[in-house]
Structure formats: structure tokens, C-alpha cells
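**Student:** Following is a predicted model, sequence given first.
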Amino acid sequence: MKKISELAEGVSRGDRRALARAITLIESARADHRAEATALLDALRGSRQALRIGLSGTPGVGKSTFIESFGMMLTGQGLKVAVLAVDPSSTRSGGSILGDKTRMERLSRDPNAFIRPSPSQSQLGGVARRTREAVMLCEAAGYDVVLIETVGVGQSETMVAEMSDLFLLLIAPAGGDELQGVKRGIMEIADIILVNKADGDLKPAATRTCADYTGALRLLRKRPQDPEGFPKALLVSALEEEGLKAAWQEMQALAEWRKANGHWQARRAAQARHWFEEEVRHGLLARLSDDPEIRARMEQLGTEVAGGSLAPGVAAQALLEALRAPK
Ligand code: GDP
């Protein structure tokens, strides 16, 4: 495993090419690559900690513009920024909106930034593992901030929130009934709502939208992991690069408070447990589909269930027994 220790060393040094290669390795589905990836992650485990920020918003709300301006502001302060994307549409079509090369052009040329598009995978479960492991690699490579971007479609947001320290929701100014557009579940996982496009003609609408969200957030149940005043809504203009410093200060204040009060550590611990359980679930499902004998048994039991000769619960129990049997 000389190759792996060299790769680990390259990643620790912050070598971007080594980091890119390491991410390619963890994205590979090949069994031998998987073993190497595990060894690599183990070698790098817990070496450094970044601030992991989840970011979500519907297409067109300004995510790439925001990441570019916000990322440039952070690198301007001497911080190293990594951007990872989770694009649920690429899991179905193979084409990735978030993988578009023309996005974040300035940031992608910044030597202190690292941008990686969404892995294309058949299931969100696979994407989750790969993104989570990529976050760990970016941390190990010395990035101070890891931004994990996703498009607003529920399931992928929950997944990104499960690997973030802070979760941002980007929204655009709109008229009247826009609050209905944001699902309650997403409001509940957001730590900061950023109302983007607060510039030019859109400024009055943005200000109104921000006030509406401030009101709506006050109605949510107080969460133990929040200091007074959080979650909160803020105005930004990604295009005019306004409000970004203030937003960053709020993020830092929230992160510091959570660290000082044990919530940060508790959240990471709960996330680690969650991903462990997910991995077990994932592994069991993989065994179900990879093992021809078990697959045949499942097919046979499924036919019996469909035919009415066996109850679903009894059939499931029989299959689980087969899984448990030593091979
Ligand atoms: P994404 O699909 O969420 O990544 O959105 P983009 O960053 O591609 O932005 C979508 C459109 O909104 C583009 O035409 C941007 O120029 C525009 N946009 C993004 N941020 C702002 C902003 O702060 N103000 C204004 N006026 N337009 C913006």
C-alpha cells in the first residue's frame, strides 16, 4: 500500500492533484479501489477540521454566483475553500447541472480554492457516501471551509445537512405567497436563510421577503443547538458582493457558540453514528443485490408473496435468516 501512503501524504500536504486523485479513488465502485479508499481515509482520519457549510436553493436562485463571490471573499481573507456539489438530477440522467465547467470561473482559477462537481451515481445513497468521504479528504488537505452545494429537492438537502456543521438556504425575492414554496422541513434544517438578489430593482422585494422569513422563523420551535436570534434570515447580493461579510460573521458566531456549548461536537458525533448506520444498511442492501443466491431466494419469495402463499412479513423474515446464515 505504498501508493496509498504516498497519496495520503500528498493530500496532507494540500497538493490539489493528490486531492483530486484521492476523490476519484473514493468515487470508484471497484472493490480493490474501495479497499484502497478505506485505507486512505483511515490514514487521514481526524487529522484536521474544517467548517462544513451546506448550501441549498432552487436552480436560478444564485448558488453559483454566491459560492463564487463568497468563496473569493474567503480566499481573500487567506482561507482555503473547497466546494463540493450534490446534484440529485445527475443520479437519474447522468447529466449534471452542478458539474457545469463554466460555473464559478474566477473561483476555479483561485489557487486557494478547490471545486469538485457532483459524482454521478445511480443512487443518492452512493452519492452520500462519496460526498461525505470527499468532505473528509478536503478537511485532511487543510481546507478551512468546505461548501457542500445541492439543489433544493428535499432528500438531497437532508443528506447534505447530515454532513454539515451549518446549513444555509439561499432564496430569491418573490411576491406574496413564496413562503409556501419553501417546505417546512427545509426551514427546520436551515440555520441561516440568505435572501439573495437584494440589489437594484429587486431590493424592495428582497427586503419584504427577508422580513417575511424572519417572521416565519420566529414561529418555529426553538432548537437547543441555537443561540438567541437563530435561525435567522439575512439579505445578500451575490452579484454586487453585498452582505457577504455580515453573513460570514453570523456563520462564525453560530459556529463558535455551538463549539463553546458542546453542540458542534454532539452534532458531529450524531452524524458519525448516522453514517455508520447508513453504511451498514447500504452494505446489507448491496449483499442482497450482489449475491446471486440471495437474489434468487428473494425472487422466489417475492413470487410466493405476490401469489398469496406467503405473508410479506414471514417472507422477509425468511430472507433475513438466509442473510444471517454463514456462507
Ligand atoms: P444557480 O442556478 O442557483 O446556481 O444560480 P446562478 O448563480 O446561476 O444565478 C442565476 C441567475 O441569477 C444568473 O443570471 C445570475 O446572474 C443571477 N444572480 C445571481 N445572484 C444575483 C444577485 O445577487 N443579484 C441579481 N440581480 N442577480 C443575481
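**Tutor:** Nice, I can see it.
**Student:** The protein: strands as residue ranges?
**Tutor:** For the chain, the strands defined by DSSP state E occupy 51-57, 81-86, 113-116, 145-151, 166-171, 192-195, 232-235.
**Student:** out of the ones you listed, deepest packed?
**Tutor:** Mean neighbour count (mean count of other C-beta atoms under 10 Å) peaks for strand 81-86 among the strands of the chain, with a mean of 27. (Each C-beta comes from the backbone N, C-alpha and C, glycine too.)
**Student:** That one close to the ligand?
**Tutor:** No: under the criterion of C-beta under 6 Å from any ligand atom, the ligand is not reached by strand 81-86; the shortest gap measures 9.9 Å.
**Student:** related to what we said a few turns ago, out of the strands of the chain, which gets nearest to residue 159?
**Tutor:** Across the strands of the chain, residue 159 has its closest neighbour in strand 81-86 (6.9 Å, C-beta to C-beta).
**Student:** which strands and helices sit next to that closest one?
**Tutor:** helix 63-76, strand 113-116, helix 124-140, strand 145-151, helix 155-161 (3 or more C-beta pairs under 8 Å, 6 or more residues apart in numbering; DSSP states H and E).
**Student:** Which of the ones you listed sits closest to the ligand?
**Tutor:** Closest to the ligand of the helices and strands packed on strand 81-86, according to C-beta to the nearest ligand atom: helix 63-76, at 3.4 Å.
**Student:** and the gap between residue 275 and residue 9?
**Tutor:** Residue 275 sits 26 Å away from residue 9, taking C-beta to C-beta, to the nearest Å as the criterion.
**Student:** who's more crowded, the two?
**Tutor:** For residue 275 versus residue 9, neighbours defined as other C-beta atoms under 10 Å are more numerous around residue 275 (17 against 13).
**Student:** so that one touches residue 136, yeah?
**Tutor:** No: if you go by C-beta atoms under 8 Å, residue 275 and residue 136 don't touch, sitting 10.4 Å apart.
**Student:** low-scoring pLDDT stretches of the chain, where are they?
**Tutor:** Counting by pLDDT under 70, the chain contains low-confidence ranges at 1, 88-102, 120-125, 152-154, 175-184, 325-327.
**Student:** returning to that earlier point: which one of the helices and strands packed on strand 81-86 is the most hemmed in?
**Tutor:** Sort the helices and strands packed on strand 81-86 by mean neighbour count, taking mean count of other C-beta under 10 Å, and strand 145-151 sits at the top with a mean of 25.
**Student:** Pairing partners for that one, with directions?
**Tutor:** strand 51-57 (parallel), strand 81-86 (parallel) (DSSP bridges).
**Student:** Off-centre distance for the first one?
**Tutor:** Translated: strand 51-57. 7 Å (C-alpha atoms, centre = their mean, to the nearest Å).
**Student:** Just want the angle from it to helix 124-140.
**Tutor:** 140 degrees (axes from the mean of the first three to the mean of the last three C-alpha atoms, to 10 degrees).
**Student:** Does strand 51-57 reach the ligand?
**Tutor:** Yes: applying C-beta under 6 Å from any ligand atom, one finds strand 51-57 touching the ligand at residue 57.
**Student:** For the chain, which residues are neighbours of the ligand?
**Tutor:** When proximity is defined as C-beta under 6 Å from any ligand atom, the chain approaches the ligand at 57, 59-65, 196-197, 199-200, 202, 237-239.
**Student:** how about the residues you listed, which pair is most distant?
**Tutor:** So, these by C-beta to C-beta: farthest apart are 59 and 200, at 21.1 Å.
**Student:** which one of those two has more residues nearby?
**Tutor:** For residue 59 and residue 200, the more surrounded residue by other C-beta under 10 Å is residue 59, and the numbers stand at 13 against 10.
**Student:** quick one, phi/psi of that one?
**Tutor:** Here is the backbone geometry of residue 59 (degrees, to the nearest 10): phi -60, psi 140.
**Student:** Which residues outside stretch 105-124 are in contact with it?
**Tutor:** Identification of contacts with stretch 105-124 by C-beta atoms under 8 Å, 6 or more residues apart in numbering yields 16, 19-20, 23, 27, 67-68, 71-72, 75, 78-88, 90-91, 94, 96, 98-100, 104, 126-127, 130-131, 134, 138, 141, 143, 155-156, 159.
**Student:** what distance separates the longest helix belonging to the chain from the middle of the whole chain?
**Tutor:** Looking across the chain with DSSP state H, the single longest helix is helix 263-290. Distance of helix 263-290 from its chain centroid, counting by C-alpha atoms, centre = their mean, is 14 Å.
**Student:** That helix vs helix 124-140, what angle?
**Tutor:** Going by the same axes, to 10 degrees, helix 263-290 makes 140 degrees with helix 124-140.
**Student:** Does anything pack onto helix 263-290? Which helices or strands?
**Tutor:** In terms of contacts (3+ C-beta pairs under 8 Å, 6+ apart), helix 263-290 is packed against helix 124-140, helix 244-260, helix 292-307, helix 312-324.
**Student:** Which strands or helices does the second one pack on?
**Tutor:** Spelled out, that is helix 244-260. Using 3+ C-beta pairs under 8 Å, 6+ apart: helix 244-260 touches strand 51-57, helix 63-76, strand 166-171, strand 192-195, strand 232-235, helix 263-290.
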